[in-house]
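S.K.: Turn this into a structure:
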Amino acid sequence: MLTVVYDETCPLCRRCRHWLETQPTHVRLEFVAAGSDEARRRYGGLPWLGSELVIASAAGEVWVGPSAFLMALWATQQYRPWSYRLSGNAFTPLAEWFFKTVSSNRRLLGGLFFRSECPDGRCVRHDRARSRDPRGMRDGVHG
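M.R.: Numbering: from 1, shown residues only. Prediction:
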């Protein structure tokens with residue numbers, strides 16, 4: 001079994017969790033929100049908790065950041081071959097760059113692509129465009 005510790009406040013991270021939950025896997029996956037009491041109880045000593053993707057095995061092994069991303073792929077039936085390719089000498093720098101770029105911009109990307117996602121059903125979609133009134137005014141400013 002692998003435990004995936006993800007940032008539950010990040011729309012992109014929640015979407016990735018949902019995607020991973022739908023994938024057939026070779027090993028059982030458990031998902032724990034990084035900000036939960038359970039995560040603090042089990043992994044509170046990890047300095048990356050909440051700031052990086054973390055995957056932990058039942059044997060106590062821990063993968064963080066790009067390594068955790070590759071482990072997530074490794075766990076899936078369809079993408080395991082990609083985990084091997086991306087962890088090889090030729091593609092490791094690309095995989096690390098990709099993950100670090102997405103991870104460091106995850107809030108921006110989540111806001112752009114997944115704004116309407118609401119885990120508890122209580123939030124409302126916020127339109128990114130400013131409202132216009134019929135006179136061509138935008139938020140009280142002409143133009």
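
S.K.: In the chain, where is pLDDT below threshold?
M.R.: Filtered on pLDDT under 70, the chain yields the residue ranges 105-143.

S.K.: change it to 50
M.R.: 121-143 (pLDDT under 50).

S.K.: That one: strands as residue ranges?
M.R.: 2-6, 29-33, 54-57, 62-64, 137-138, 141-142 (DSSP state E).

S.K.: Show me which parts of the second one are buried, residue by residue.
M.R.: Okay, so that is strand 29-33. Within strand 29-33, the residues that qualify as buried are Leu29, Val32, Ala33, counting by 16 or more other CB atoms under 10 Å. Using the backbone N, CA and C atoms, a C-beta is placed for each residue, glycine as well.

S.K.: what's the closest of those residues to Ala56?
M.R.: Closest approach to Ala56 among those (CB to CB): Val32, at 9.0 Å.

S.K.: show me what contacts that closest one?
M.R.: By CB atoms under 8 Å, 6 or more residues apart in numbering, the contact set of Val32 is Thr3, Val4, Val5, Tyr6, Glu38, Ala39, Arg42, Tyr43.

S.K.: of those residues, buried ones?
M.R.: When burial is judged by neighbour count using 16+ other CB under 10 Å, the buried members of the contacts of Val32 are Thr3, Val4, Val5, Tyr6, Ala39, Tyr43.

S.K.: How much space separates the first one from Leu94?
M.R.: Translated: Thr3. The spacing between Thr3 and Leu94, counted by CB to CB, to the nearest Å, is 27 Å.

S.K.: before we move on, what about Leu29?
M.R.: Counting by CB to CB, the separation of Leu29 from Leu94 is 25 Å.

S.K.: repeat for Ala72
M.R.: Shown here: Ala72 relative to Leu94, a distance of 17 Å by CB to CB.

S.K.: which one of those two has more residues nearby?
M.R.: With other CB atoms under 10 Å as the criterion, Ala72 and Leu94 differ in neighbour count, and Ala72 comes out ahead with 24 against 10.
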